[in-house]
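Student: Okay, sequence plus prediction incoming.
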2 protein chains.
Amino acid sequence: MPHLDYLNQAFQLANQANAKQIRPNPFVGAVVVDENGVVIGEGFHQQYGGAHAEVFAINAALQKMNDLSKTTLYVTLEPCSHFGKTPPCTNLILQYKIPRIVIGSRDPNPKVSGIDLLKQNGVEIIEMILPAIEKMNAVFFANQIKRRPFIQLKMATTINGKIADRLGNSQWISNTASREYVHTILRDSADAILSTAKNIIQDKASLNIRIDETIKELSVVVIDRDLDLLKPEHQSVPIFYERMNSKMYLLSNKTANDLPKNVEIINVLFDEKNQIKLEDLGEKLLQLNLCKVLIEAGSKLSSYLIENNWADELIVFIAPKLIMDQQAINVFENDTEQLLIAATNLQLEETKLLGYDVMLRYTFK
Amino acid sequence: MPHLDYLNQAFQLANQANAKQIRPNPFVGAVVVDENGVVIGEGFHQQYGGAHAEVFAINAALQKMNDLSKTTLYVTLEPCSHFGKTPPCTNLILQYKIPRIVIGSRDPNPKVSGIDLLKQNGVEIIEMILPAIEKMNAVFFANQIKRRPFIQLKMATTINGKIADRLGNSQWISNTASREYVHTILRDSADAILSTAKNIIQDKASLNIRIDETIKELSVVVIDRDLDLLKPEHQSVPIFYERMNSKMYLLSNKTANDLPKNVEIINVLFDEKNQIKLEDLGEKLLQLNLCKVLIEAGSKLSSYLIENNWADELIVFIAPKLIMDQQAINVFENDTEQLLIAATNLQLEETKLLGYDVMLRYTFK
């Protein structure tokens, strides 16, 4: 069997993990193959803090044979070379004298550089970098490289790019199938929703996960400089549902006492235009283990995030409607010149029909 | 075989016609079936001025048997009862005593009412109105019911509904595949393009049909109140290519002498906002045998046509780009209030991937 097939087998294994159980770690799968091409060990990373994929695969191989010096290890991600929650996988590879390793993606963390260490010790490294394997860890890579959560921006628009009429009415532009998709796919896979106090109050939002008849909690991060949500008149906003295993984080430059249960204030800075400063926000959200965040907010915040390269994916639901009113609210807009020649280019990743709505998913380049 | 199968056979026959050869007539297919369920005659309308589908089918049946008094005629459109270019088909049906007719769509022309006449003469009429059969004649129905051409509106937009940047640059928002689609599918099936002198001059447009290496002519209707295109400085606009079998119609309230070959002025009225009056324009375009017209113009004219129910289809090409500048040009906009509750609803008919552009085709309800 060619390398690609074994690597794909490792890829399938990697995908068996539950994203939320491994966060903030990546998906990793590994396969050990003997000199006759027989798979003698398999493994994948299953749980944050638990063993790495390579450990499972090598231990399984050792059940079959003591001498791994003629085997090949296929692993979807460059093996780690540092002490984290577990010892470095490179140690294990060198200990058992595995002579050849095929990897499907590089680890963006400069501290890792397992490849260099292995090469220095005479291990042959074959790099078969596969886009599908890299995409599997888009969240992990964004976290590592950009030091912020992976950001999905969700918007429901008319055919002509309006998200609300001139009075701010936006419920509902998209249809039931689109809204179900938001709950079952987007919200359910996010670690939190990020929105603004203004939007939450205006939409009387709960921002939980409603799938069929069941309701699941979801953490929420709210930009709320003046802690408006804590004012007495907003105590009945549905976002204040009783939280057993989720949190509400208020991003503010103020403090308050006697917070409701499971509500926390995260201190952040705002610039002279009252825009939240993004510099250290990413690190703060990562520290809360919010690796993947869904933005459900208005045009202003969403445009600001795009402008500042704080968006990884854009998911647009296009409803079969037109609101032709020039005072209706456009989906993304700011007040600086942007010519066609300097347009923001995206990559179309997926299209989906949801009833007569069309879902388009893009990544930012 | 059930009625539906014979009717579908007639539908397949109808579709064999070339739309431009039958204009302004509809697609029609017909099948005659004997008492044993055997198809003994087939036909379809092939050429404007030529025989109707029923005539072909009945004549073919008469080659097989003299007595049609136990047969059933399946025809996709209600048979005509008036003298046009040919005698009424109802005469033929009654002459040969065909006792039963299954029709797939009604003729919207009140002069026709073949059904009533046939019923009065004891013919059994079974109506199996099929949406696919009605859609086949969308152009004909629009012409008959609305007394104007069938109007397709084409627009290329960014994800956020911009058709040009603040300087008016729009070449090119959509990709090569989308532009090829415009030529091979949209322009090639249209009787003419309708645009404005302003757009044509600005885009240096030729508005012909370019498919692979070949160039085909296409008639063009230009809203040009002041006959700007005839001014000396615009004689080199590519729209003035040498026309052998197409025309350029200028819609104006002025007159001029010494027009270039194949250029005609059609006198129309303009309102106090300089918008073209649509009242008698439809009839004038139909008289020119322009049954299906593609609009390739800017936001202003397109929005005006939608507002005045002068659009049947909207075809949007969504490019994977954002122009976030609020001064960039929005695809459809006017200056009157339109709330979400009163949004213009469309029907999604088709989606198509063209490279990384997404084509969405809608009909207006």
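Tutor: Nice, I can see it.
Student: only C-alpha atoms for contact and neighbour calcs from this point on.
Tutor: Will do.
Student: For the residue of the stretch 1-150 of chain A at minimum distance from chain B, grab the count of nearby residues.
Tutor: Chain B sits closest to residue A:131 of the stretch 1-150 of chain A, with a gap of 17.6 Å, by CA to the nearest CA. When neighbours are counted by other CA atoms under 10 Å in any protein chain shown, residue A:131 registers 10.
Student: For it, which residues are in contact?
Tutor: Residues counted as contacts of residue A:131 (CA atoms under 8 Å, 6 or more residues apart in numbering or on different chains): none.
Student: same deal with residue A:125?
Tutor: With CA under 8 Å, 6+ apart, residue A:125 has these contacts: A:100, A:101, A:102, A:103, A:115, A:118, A:119.
Student: Counting neighbours, which of those end up buried?
Tutor: Buried subset of these (neighbour count, 16 or more other CA atoms under 10 Å in any protein chain shown): A:100, A:101, A:102, A:103, A:115, A:118.
Student: can you list the residues that contact the helix or strand encompassing the second one?
Tutor: Going back to what we said before, that points to residue A:101. Element membership of residue A:101, judged by DSSP states H and E, is strand A:100-103. The set of residues external to strand A:100-103 that reach it, using CA under 8 Å, 6+ apart, is A:3, A:7, A:71-78, A:123-129.
Student: what does stretch A:5-15 give?
Tutor: Taking CA under 8 Å, 6+ apart as the rule, stretch A:5-15 contacts A:27-31, A:42-45, A:74-76, A:102-104, A:133, A:136.
Student: if we go to 7 Å?
Tutor: Contacting residues not belonging to stretch A:5-15 are listed as A:27-31, A:43-45, A:74-76, A:104, A:133 [CA atoms under 7 Å, 6 or more residues apart in numbering or on different chains].
Student: Next, format those as JSON lines and append neighbour count and pLDDT.
Tutor: Formatted as JSON lines, the contacts of stretch A:5-15 follow (neighbours: other CA atoms under 10 Å in any protein chain shown; pLDDT from 0 to 100):
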{"residue": "A:27", "neighbour count": "30", "pLDDT": "96"}
{"residue": "A:28", "neighbour count": "31", "pLDDT": "96"}
{"residue": "A:29", "neighbour count": "31", "pLDDT": "97"}
{"residue": "A:30", "neighbour count": "34", "pLDDT": "97"}
{"residue": "A:31", "neighbour count": "30", "pLDDT": "97"}
{"residue": "A:43", "neighbour count": "24", "pLDDT": "96"}
{"residue": "A:44", "neighbour count": "27", "pLDDT": "96"}
{"residue": "A:45", "neighbour count": "27", "pLDDT": "95"}
{"residue": "A:74", "neighbour count": "30", "pLDDT": "97"}
{"residue": "A:75", "neighbour count": "30", "pLDDT": "97"}
{"residue": "A:76", "neighbour count": "34", "pLDDT": "97"}
{"residue": "A:104", "neighbour count": "26", "pLDDT": "96"}
{"residue": "A:133", "neighbour count": "24", "pLDDT": "96"}
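Student: Which of those residues fall within helices?
Tutor: In this view, the contacts of stretch A:5-15 that belong to helices under DSSP state H are residue A:133.
Student: The contacts of stretch A:5-15 in strands, which ones?
Tutor: Counting by DSSP state E, those place A:29, A:30, A:31, A:43, A:44, A:74, A:75 in strands.
Student: The fifth one is in contact with residue A:25, isn't it?
Tutor: Right, residue A:44. No. Using CA atoms under 7 Å, residue A:44 makes no contact with residue A:25, being 11.9 Å away.
Student: Return the member of the contacts of residue A:125 nearest to residue B:251.
Tutor: Nearest to residue B:251 among the contacts of residue A:125: residue A:103, at 66.9 Å, using CA to CA.
Student: Who is that closest one paired with across the strands?
Tutor: Assessed by DSSP bridges, residue A:103 has beta-bridge partners residue A:75, residue A:127.
Student: Could you check the pLDDT of it?
Tutor: Looking at residue A:103, its pLDDT reads 96.
Student: From residue A:126, how far off is it?
Tutor: 6 Å (CA to CA, to the nearest Å).
Student: before we move on, what about residue A:47?
Tutor: 27 Å.
Student: Looking at these two, which is more packed in?
Tutor: When neighbours are counted by other CA under 10 Å, residue A:47 and residue A:126 differ, and residue A:47 comes out ahead with 17 against 14.
Student: Quick one: neighbours of the nearest residue to that one once chain neighbours are set aside, just the number.
Tutor: Leaving out its chain neighbours, the residue that sits closest to residue A:47 by CA to CA, 6 or more residues apart in numbering or on different chains is residue A:22, at 4.7 Å. Using other CA under 10 Å, residue A:22 has 17 neighbouring residues.
Student: The stretch 201-350 of chain A: strands as residue ranges?
Tutor: Under the criterion DSSP state E, counting those that start in this stretch, strands of the stretch 201-350 of chain A are mapped to A:209-211, A:214-216, A:219-223, A:248-252, A:263-267, A:292-295, A:313-318, A:321-322, A:329-330, A:344-354.
Student: packing partners for the helix or strand hosting residue A:362?
Tutor: Here residue A:362, judged by DSSP H and E, is contained in strand A:357-364. For strand A:357-364, the packing partners by 3 or more CA pairs under 7 Å, 6 or more residues apart in numbering or on different chains; DSSP states H and E come out as strand A:313-318, strand A:344-354.
Student: Might you report the residue contacts of residue A:52?
Tutor: For residue A:52, the contact set (CA under 7 Å, 6+ apart) comprises A:44, A:45.
Student: Now render the helices and strands packed on strand A:357-364 as CSV, adding mean pLDDT.
Tutor: Putting the helices and strands packed on strand A:357-364 into CSV (pLDDT from 0 to 100) gives the following:
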stretch, mean pLDDT
strand A:313-318, 98
strand A:344-354, 97
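Student: So which of the ones you listed is the most surrounded?
Tutor: Across these, averaging neighbours per residue (mean count of other CA atoms under 10 Å in any protein chain shown) puts strand A:313-318 on top, at a mean of 25.
Student: roughly how far out does that strand sit from the chain middle?
Tutor: Remark: strand A:313-318 is offset 15 Å from the chain centroid, using CA atoms, centre = their mean, to the nearest Å.
Student: Report all helices and strands that it contacts.
Tutor: strand A:150-157, strand A:357-364.
Student: Direction included, what does the last one pair against?
Tutor: For strand A:357-364, sheet partners with direction are given as strand A:313-318 (antiparallel), strand A:344-354 (antiparallel), following DSSP bridges.
Student: Check what contacts the last one and list those residues.
Tutor: In this structure, residues lying in contact with strand A:344-354 by CA under 7 Å, 6+ apart are A:177-178, A:358-365, B:320-323, B:356.
Student: Mind checking which of the contacts of strand A:100-103 are buried?
Tutor: By neighbour count, with 16+ other CA under 10 Å, those hold A:7, A:71-78, A:123-125, A:127-128 as buried.
Student: Spatially nearest residue to residue A:143 (excluding sequence neighbours)?
Tutor: residue A:149 is the one closest to residue A:143 (CA to CA, 6+ apart), at 5.4 Å.
Student: Settle this for me: the one you found is touching residue A:289, isn't it.
Tutor: No. With contacts counted by CA under 7 Å, residue A:149 stays clear of residue A:289, the gap being 8.8 Å.
Student: Within range of chain B, give me the residues from chain A.
Tutor: A:160-161, A:165-166, A:169, A:320-326, A:331-340, A:343-348, A:356 (CA under 7 Å from any CA of the partner chain).
Student: circling back: mind giving me CSV with the helices and strands packed on strand A:313-318 and columns for mean neighbour count and mean pLDDT?
Tutor: What follows is the helices and strands packed on strand A:313-318, written out as CSV (neighbours: other CA under 10 Å; pLDDT from 0 to 100):
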stretch, mean neighbour count, mean pLDDT
strand A:150-157, 25, 98
strand A:357-364, 21, 98
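Student: Which of residue A:149 and residue A:289 has more residues huddled nearby?
Tutor: When neighbours are counted by other CA under 10 Å, residue A:149 and residue A:289 differ, and residue A:149 comes out ahead with 30 against 15.
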